[in-house]
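Novice: What follows is a protein structure lacking sequence information:
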């Protein structure tokens, strides 16, 4: 197992989204800077890809939560049939 892989897998569950994004931004900066030798650059790249996958997974979960909450809110806000104010809304 590579160093980058072991770093990412050890802390997957204990690291929040913002921390992952900060680390990913740091990695991108290091890679764009061009000062890394090939092997460390590959390790950073692998770590970055893993972080990117994790961030996508977190965002996907949040998206699902928002969709469920929106559906629940729409159902909760739907007027019931015997609501006396319903006729006033249609007028």
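Specialist: Cool, the structure landed. This one's a predicted model, so the numbers in the text were calculated from it and none came from an experiment.
Novice: Now the element after the lowest-mean-pLDDT helix or strand in the chain, going C-ward?
Specialist: Least confident helix or strand of the chain, by mean pLDDT, DSSP states H and E, is helix 3-11 with a mean of 48. Toward the C-terminus, helix 3-11 is succeeded by helix 17-33 as the next helix or strand (DSSP states H and E).
Novice: so for that next one, what's the average pLDDT?
Specialist: Averaging pLDDT along helix 17-33 gives 96.
Novice: Please give the centre-to-centre distance between the helix or strand following that helix and its chain.
Specialist: Using DSSP H and E, the helix or strand that follows helix 17-33 towards the C-terminus is helix 38-77. Its chain's C-alpha centre and that of helix 38-77 lie 3 Å apart, by CA atoms, centre = their mean, to the nearest Å.
Novice: try stretch 36-56
Specialist: The answer for stretch 36-56 is 17 Å, by CA atoms, centre = their mean.
Novice: Now do the buried residues in it.
Specialist: By 16 or more other CB atoms under 10 Å, the buried positions in stretch 36-56 come out as 43-48, 50-51, 54-55. C-betas here are computed from N, CA, C, even on glycine.
Novice: which residue packs closest to the residue nearest to the spatial centre of the chain, ignoring adjacent ones?
Specialist: Geometric centre of the chain, nearest residue: residue 59, 2.7 Å, by CA atoms, centre = their mean. Distances taken as CB to CB, 6 or more residues apart in numbering place residue 17 nearest to residue 59, at 7.7 Å, with adjacent residues excluded.
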